[in-house]
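Colleague: no sequence on hand, only this structure:
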């Protein structure tokens, strides 16, 4: 089982910055539970590049914090 290495993306940020951006965007969705954004809108709203916005929203979706509906990301609400 070999690993295939890929070149580092120019969009990649340091781990501490990644965690900070991830936490900041999560906090925005917690503060505004009805927020619905596309990846492009999120990039503008949160002041990050389009690829970084897409990575963060994808990560929050995989964690189950957000869900995607018709190209928009919104907070997944816990059901009782």
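Modeller: Arrived safely, thanks for sending. Treat the numbers as computed from the prediction; the structure is a model and nothing was measured.
Colleague: return the set of buried residues in the longest helix anywhere in the chain.
Modeller: Using DSSP state H, we find that the single longest helix of the chain is helix 15-31. Using 16 or more other C-beta atoms under 10 Å as the test for burial, helix 15-31 gives 21, 22, 25, 26, 29. Every residue, glycine included, has its C-beta placed from N, CA and C.
Colleague: then stretch 38-57?
Modeller: The neighbour-count check on stretch 38-57 (16+ other C-beta under 10 Å) flags 38, 39, 42, 43, 46, 48, 52, 53, 54, 55, 56, 57 as buried.
Colleague: show me the contact partners of it.
Modeller: Stretch 38-57 is contacted by residues 9, 11, 13, 21-22, 24-25, 28, 37, 66, 68, 71-73 when judged by C-beta atoms under 8 Å, 6 or more residues apart in numbering.
Colleague: return the member of those residues nearest to residue 3.
Modeller: residue 9 (17.0 Å; C-beta to C-beta).
Colleague: can you pull out the helices in the protein?
Modeller: Using DSSP H, helices in the chain cover 15-31, 39-46, 50-62.
Colleague: just send those back as TSV, with distance to residue 4 and mean pLDDT too.
Modeller: Shown next, in TSV, are the helices of the chain (distance: least, C-beta to C-beta, whole Å; pLDDT from 0 to 100):
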stretch	distance to residue 4	mean pLDDT
helix 15-31	22	94
helix 39-46	26	94
helix 50-62	19	94
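Colleague: and residue 72, bridged to which residues?
Modeller: As for beta bridges, residue 72 partners with residue 69 under DSSP bridges.
Colleague: my read: it touches residue 35, true?
Modeller: No: contact criterion C-beta atoms under 8 Å: residue 72 and residue 35 do not qualify, at 9.5 Å.
Colleague: ok, residue 64 - contacts?
Modeller: Counting by C-beta under 8 Å, 6+ apart, residue 64 makes contact with residue 76.
Colleague: what's the distance between it and residue 75?
Modeller: In this view, residue 64 and residue 75 are 11 Å apart by C-beta to C-beta, to the nearest Å.
Colleague: do residue 36 as well
Modeller: 9 Å.
Colleague: with residue 24 instead?
Modeller: Residue 24 is 15 Å from residue 75, by C-beta to C-beta.
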